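In: fold the following and give me the result.
(one chain, ligands or ions: 1)
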Amino acid sequence: MINISEKDGNDAYCRYRMEKLEIGIAGKGRNKKTLILNMGKIAKALRTNPKYITKYFGLVLNAETGLDSETSSAYIKGNHDASNLAMILTKFIKMFIMCWVCDDAGGLRLKVSHDAVIGTCDACGNSIPVGQNDKLTKFIIKNPPKKRDRKSEEQVGAFGAFEERPNDDDDKWHTDTSAEATATRLKHATQSSGIMHGLGKGSTVDILRRLFDVEQTDIFELTHKVSRLTQDFDSRKRLNLIFGFIFDTSDSKQIISMIKKYSELLATFSTGKANGAIFTRCVEKMICDNELKLIARSPIFFQQLYENDILDEDQIMEWYGNRNSNPNIDAWMQKKIRANCLPFITWLEFADEEEESE
Ligand SMILES: [Zn+2]
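Out: Just a heads-up that it's a prediction; the model follows:
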């Protein structure tokens, strides 16, 4: 037995475990097939439809696949390496089984909605789009899972628990590479990438809030999740949301410690000239909205953003030089914040000169 989630390593006491792929070979020459003898058990452990896993192998390997419901085994045409198959299964698990918000490996409950596949996680309660832009998503949409009933699933076995479509051809799962099919797939991919809007903005914001509510130790992971959740967001809106979640604007010390803690995450959203301009304006807006508490501390905030590699000198000087550039803030306020920042700006210029003369 191995753990379903790679992250759980070799911990034998992990809750979610499955058998290793049991591989066999059948047939000869051109009819050679690689068998996955324990597909039924694996699908059951993953609490998903064996058809989805089998089809996924077929799509990745561009090979014909099929299921034998009597023996609960699957086949993939051709000779395939066991370690490669295990890697593909891991990819499938990451995409369609694991919750990418809370990393639970208990198996997402999949549902087709708005031309996309939504997975609901029983551990954290979030409903998230899965397999966006993946070919298998199209297959799941055509072959939607039946409502998961755990009791009957155990009685009938994983093979019987899913709806069969009369026109679904189990034996021939070729990847259609014609121009027409490609165009359809592309269209589909574009549509499902907009799924965050389909879910309603409120729910994405809720997921984000919960992400930040939980004590986060792995900022890299968090950054990845936030980027993914907000990929369709307007940059300014995204930053304002993130600032709202991490900064307590009534406490300048807290802001400084959060800049340090989330430096990796913040830096992700401040790279380049355009993002730098948006980032500096969002910082400016936050300070000006909480003028009494924060404005005197503004040079320290900018200094911390600089020291923690979130903003570079060019980005800060660009902001400083562009007075009256923030339509969301009164001109006199923009002047005031720059006046407050002067000690840091002078230091920054001086530090730069020193560096050049070295
Ligand atoms: Zn979850």
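In: state the distance from G119 to P50.
Out: 18 Å (Cβ to Cβ, to the nearest Å). The way it works is simple: take the backbone N, C-alpha and C, and place the C-beta from them, glycine included.
In: please apply the same query to S298.
Out: 59 Å.
In: quick one: the strands in the protein?
Out: Along the chain, the segments classed as strands by DSSP state E run 2-3, 17-18, 23-26, 33-36, 65-68, 73-77, 109-113, 116-120, 127-129.
In: any chance of those strands in JSON lines, with mean pLDDT too?
Out: As requested, these are arranged in JSON lines below (pLDDT from 0 to 100):
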{"stretch": "strand 2-3", "mean pLDDT": "89"}
{"stretch": "strand 17-18", "mean pLDDT": "92"}
{"stretch": "strand 23-26", "mean pLDDT": "94"}
{"stretch": "strand 33-36", "mean pLDDT": "96"}
{"stretch": "strand 65-68", "mean pLDDT": "94"}
{"stretch": "strand 73-77", "mean pLDDT": "96"}
{"stretch": "strand 109-113", "mean pLDDT": "90"}
{"stretch": "strand 116-120", "mean pLDDT": "90"}
{"stretch": "strand 127-129", "mean pLDDT": "84"}
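In: how about these, which one is nearest K336?
Out: Nearest of these to K336, taken as Cβ to Cβ: strand 127-129 at 42.8 Å.
In: show me what the closest one is packed up against.
Out: Packed against strand 127-129, as judged by 3 or more Cβ pairs under 8 Å, 6 or more residues apart in numbering; DSSP states H and E, are the following elements: strand 116-120, helix 195-199.
In: redo that, cut-off 6 Å
Out: Judged by 3 or more Cβ pairs under 6 Å, 6 or more residues apart in numbering; DSSP states H and E, the packing partners of strand 127-129 are strand 116-120.
In: and the strand it packs on with strand 109-113, angle?
Out: Orientation check (axes from the mean of the first three to the mean of the last three Cα atoms, to 10 degrees): strand 116-120 against strand 109-113 gives 150 degrees.
In: partner strands of strand 116-120, parallel or antiparallel?
Out: strand 109-113 (antiparallel), strand 127-129 (antiparallel) (DSSP bridges).
In: quick one: the residue lying closest to M39 once chain neighbours are set aside from N240, how far?
Out: Leaving aside its sequence neighbours, M39 sits nearest to A74 (Cβ to Cβ, 6 or more residues apart in numbering; 4.0 Å). For A74, the distance to N240 (Cβ to Cβ) stands at 48 Å.
In: of those two, who's got more company?
Out: Comparing A74 with N240 by neighbour count (other Cβ atoms under 10 Å), the higher total belongs to A74, at 27 against 16.
In: surely that one meets T54?
Out: Yes. Contact criterion Cβ atoms under 6 Å: A74 and T54 qualify, at 4.3 Å.
In: just to revisit the earlier point, distance to the ion added to the strands of the chain, as a markdown table?
Out: Listed next are the strands of the chain as a markdown table, based on distance: least, Cβ to the ion, whole Å:
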| stretch | distance to the ion |
| --- | --- |
| strand 2-3 | 17 |
| strand 17-18 | 18 |
| strand 23-26 | 31 |
| strand 33-36 | 28 |
| strand 65-68 | 29 |
| strand 73-77 | 28 |
| strand 109-113 | 11 |
| strand 116-120 | 9 |
| strand 127-129 | 8 |
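In: just to revisit the earlier point, in the sheet, who's paired with the residue nearest to M39?
Out: Following DSSP bridges, A74 is listed with bridge partners I36, L67.
In: for it, give me its contacts.
Out: Going by Cβ atoms under 6 Å, 6 or more residues apart in numbering, A74 touches I36, M39, T54, L67.
In: same question, R297
Out: Applying Cβ under 6 Å, 6+ apart to R297 gives the contacts S252.
In: re the thing from before, residues shared between the contacts of A74 and T54?
Out: Contact criterion Cβ under 6 Å, 6+ apart; residues shared by A74 and T54: L67.
In: mind picking out the helix or strand in this structure with the poorest mean pLDDT?
Out: Least confident helix or strand of the chain, by mean pLDDT, DSSP states H and E, is helix 195-199 with a mean of 39.
In: around the ion, pick out the residues from the stretch 51-200 of the chain.
Out: C99, V101, C102, D104, C121, A123, C124 (Cβ under 5 Å from the ion).
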